[in-house]
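J.: pasting the sequence and the predicted model now:
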Amino acid sequence: MSAATLGSRGAALVAVFLVASGCVPVPTLPFGDKEWSRQNIGDSVPAFIVSGQTTRADVILALGDPDRKTNNDSRFHYVRATEEGGIAFMVGGGLRGEIIGTPVTYRLLTVDFDARGVVTAAKSEKVVKRNFFGEHITGTLPQTLFTDAE
């Protein structure tokens, strides 16, 4: 038996297993920013934010109210969520299936302030999460994005 025959049989066995288990990989299109997501966050810290100079008021005027903040306003989080496409999974059966695992890229801008309201640090991160439990569908932010107490 040739290697090509073995390879195609192996691929067919994997496909049968995935279909039988109710989990089929499907490509997803890049749908862009989520409708509830902000559009004014990029891949880096905005140039206007300068540690030791920029104030809390400057940040709010330029970016708007934060998506999340600490109780004492010492840390602001701004989040942009984008569906960039990739591979998701179709699960279920009996006309009750759904697509889960759609990759979503989060751009997270974290800005820290001192007691006077002046920026002490700013950091930009990019994190990819998958919507296995519906948080991207409902528009809630995954709590695993944040490391601070609210």
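T.: Received, thanks. Residues are numbered from 1 along each chain as shown.

J.: low-confidence ranges in the protein?
T.: Within the chain, the ranges that satisfy pLDDT under 70 run 1-8, 10-23, 90, 92-101, 131-150.

J.: all strands of it, in order?
T.: 23-28, 32-33, 68-69, 75-83, 86-91, 98-100, 103-113, 119-130 (DSSP state E).

J.: in the longest one, what counts as buried?
T.: Put plainly, it is strand 119-130. Val119, Ala122, Ser124, Lys129, Arg130 (16 or more other Cβ atoms under 10 Å). Every residue, glycine included, has its C-beta placed from N, CA and C.

J.: show me what the last one is bridged to.
T.: Per DSSP bridges, the residues bridged to Arg130 are Pro103.

J.: verify the stated contact: it with Thr105.
T.: No. Arg130 lies out of contact with Thr105 (Cβ atoms under 8 Å); the separation is 10.8 Å.

J.: ok so, going back, what is the nearest of the buried residues of strand 119-130 to Val111?
T.: Taking Cβ to Cβ as the measure, Val111 sits nearest to Ala122 out of these, at 4.8 Å.
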